[in-house]
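1. Need coordinates for the below:
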Amino acid sequence: TTNIENWYKYPLQVMYSGGLMQDYGDGERHSSGLTQEHAEWFVKRTGNPYLYSYVKPYWESGKGGYLGYLWYRDDIKPVYRETLPVSKVFEAQGIVMRSGWGDTATVISTRTGPNSNHYHYDQGSFQLMTNGDHLLTDPGIGYLGYYANLDYLIYNIQAIAHNVLLVDHDPESQTPADYDNGIAALRDWPRMIHSFAGKTADASVADLACVYKDKLALYNRTLLYTKTGPLFLFDQVKSSAPEGHVYDWLFHAPQNENNKRSISYSGQHVLIDRPAARLTIDVVEPEIASAVIRARDDKKYPENYIALSSKAKLPDVNFLAVLFPEAKSVAGDMAAEPKVSKLNGQGWIGARVEHKGNMYLGFFRTQSSTSANIEGFTTDASRFTVSLTGDNIPQSLYFEGTSFKFKDLAIQSTEVITCTFNFQKNATVIELKSDKSSSFSFSSEHKPKNIFLNGTSLRGWQYDPATKMVSLKLAEGRCELSIN
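-> Sure, this is the predicted structure:
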């Protein structure tokens, strides 16, 4: 009568193949994967094919003990997670963004939603792993446990221990969100007001103001991830008090061997250097008034974190940072770090990222009434990202709005859509999400040979050779178009 049989979906999505995942509290970073006794019981009871793909080889290796003998089944066809989309939205938890299913992939997990037993004060926090290495992390529960002090919650639980915003340097900046327990009065918790999990790009926009002790009138945290490149982090913050606040942005990472710091900072630039991966964080806005790196020699998970502080008495602030995770080779060789520069327009803030001959652009609208033009792009989008080749040719695109134009590329919809374009050699793949049915059109130099909607050949589309526009009708909801 409960949703418990779906418990496996989150660890299935967030872990590496060997079970490695973030420690969010009671868990273990080096978990045993989906072979524990409850997984075995669910396989026996429900025949779950995803769990079976983990449990069956575990049983057959003789590790299941007497329970494996009692619960053994050989009548299930295993289904592997690689058949699932790599990214997934969890309405009560956040979003898991992945660049792929491989063990060198980047895995980003966010925290937004109601409170529950043993949860931490970590709303808006996000964790990042690349190549099986922790780059931005949750410190876990720690060796002191939950109940070491009945009057003060330990460091690991407080906001300061997570990748969040602090207000006025307060380590306890957040209060716990309400519980989702069926009582209508207890429904005040942060929510994702927009999300998208795709093959080309992922997005999450979270409204977090309600847990900040009435100090913030607005706090929206946006994460836009281009699978082949950067993660854009954009915070919009407005104070409830006219005198404003000072704000701290925190980023946590494990220490390296012998408790050596993995974090360094210079001139708006953070480097997290780990054995198997590195992460660069370039703060585009605001000006960072001070940066402090602190180390914590926890017995279980020694970590260090950096606190980037704004100027004091700011009634509102926009924070834009470009995070670029990269896997290291076996030899440890790395290319030059990404080059990040700030882009400004009337009512816009953006960043240009140059790396390995490619260019990535991310733009965020800061005013509702503003120019539709920014750096050669014309759009009504609230936010968008573009990746370009060295020759300034679009490779991929993410936007939210009804219109978009860049050079010969034009997109138009009668309703607001969330949309990604992936420009491949022989095809263009478009992912769309809309709350309403709409008329949708996009430019094409030549008349397409075929258009597939969710894998099925689409009829009824039209091509106008004069305008070089393809037009079609779309139902509400989520769909994928492949244009050949």
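
2. can you list the residues that contact the longest helix along the chain?
-> Identified as the longest helix of the chain according to DSSP state H is helix 49-60. Outside of helix 49-60, the residues within contact range by Cβ atoms under 8 Å, 6 or more residues apart in numbering are 8, 12, 33-35, 39-40, 42-43, 64, 68, 72-74, 76-81. Yep, even glycine has a C-beta here, placed from its N, CA and C like the rest.

3. list the buried ones in that helix?
-> 50-56, 58-59 (16 or more other Cβ atoms under 10 Å).

4. Then stretch 25-34?
-> Quick answer for stretch 25-34 (16+ other Cβ under 10 Å): 25, 29, 31, 33-34.

5. Just checking, which of those residues comes out lowest on pLDDT?
-> The member of these with the lowest pLDDT is residue 31, at 70.

6. show me the contacts for the residue nearest to that residue when sequence neighbours are not counted.
-> Excluding the flanking residues, the one nearest residue 31 by Cβ to Cβ, 6 or more residues apart in numbering is residue 19, at 4.6 Å. The contact partners of residue 19, by Cβ under 8 Å, 6+ apart, come to 30-34.

7. these two touch, right, residue 447 and residue 461?
-> No - the criterion here is Cβ atoms under 8 Å, and residue 447 misses it with residue 461 at 10.1 Å.

8. Just give the number of residues close to the nearest residue to residue 327 once chain neighbours are set aside.
-> Excluding its sequence neighbours, the residue lying closest to residue 327 (Cβ to Cβ, 6+ apart) is residue 131, at 3.6 Å. When neighbours are defined as other Cβ atoms under 10 Å, residue 131 has 21 of them.

9. same question, residue 176
-> Residue 176, neighbours per other Cβ under 10 Å, totals 16.

10. roughly how far apart are it and residue 240?
-> 19 Å (Cβ to Cβ, to the nearest Å).

11. can you check residue 325 too?
-> 35 Å.

12. can you check residue 234 too?
-> In terms of Cβ to Cβ, residue 234 sits 21 Å off from residue 240.

13. So between those two, which is more surrounded?
-> Between residue 234 and residue 240, counting by other Cβ under 10 Å, residue 234 is the more crowded of the two (24 against 15).

14. quick one: contacts for residue 456?
-> Neighbours of residue 456 in contact, by Cβ under 8 Å, 6+ apart: none.

15. For it, grab phi and psi.
-> phi -110, psi 140 (degrees, to the nearest 10).

16. Just the residues contacting stretch 61-70, thanks.
-> The contact list for stretch 61-70, computed with Cβ under 8 Å, 6+ apart, reads 35, 37, 40-41, 55, 58-59, 71-72.

17. go with 10 Å
-> Stretch 61-70 has contacts (Cβ atoms under 10 Å, 6 or more residues apart in numbering) with 32, 35, 37, 40-41, 44, 55-60, 71-72.

18. what distance separates the start and the end of that stretch?
-> 15 Å (Cα to Cα, to the nearest Å).
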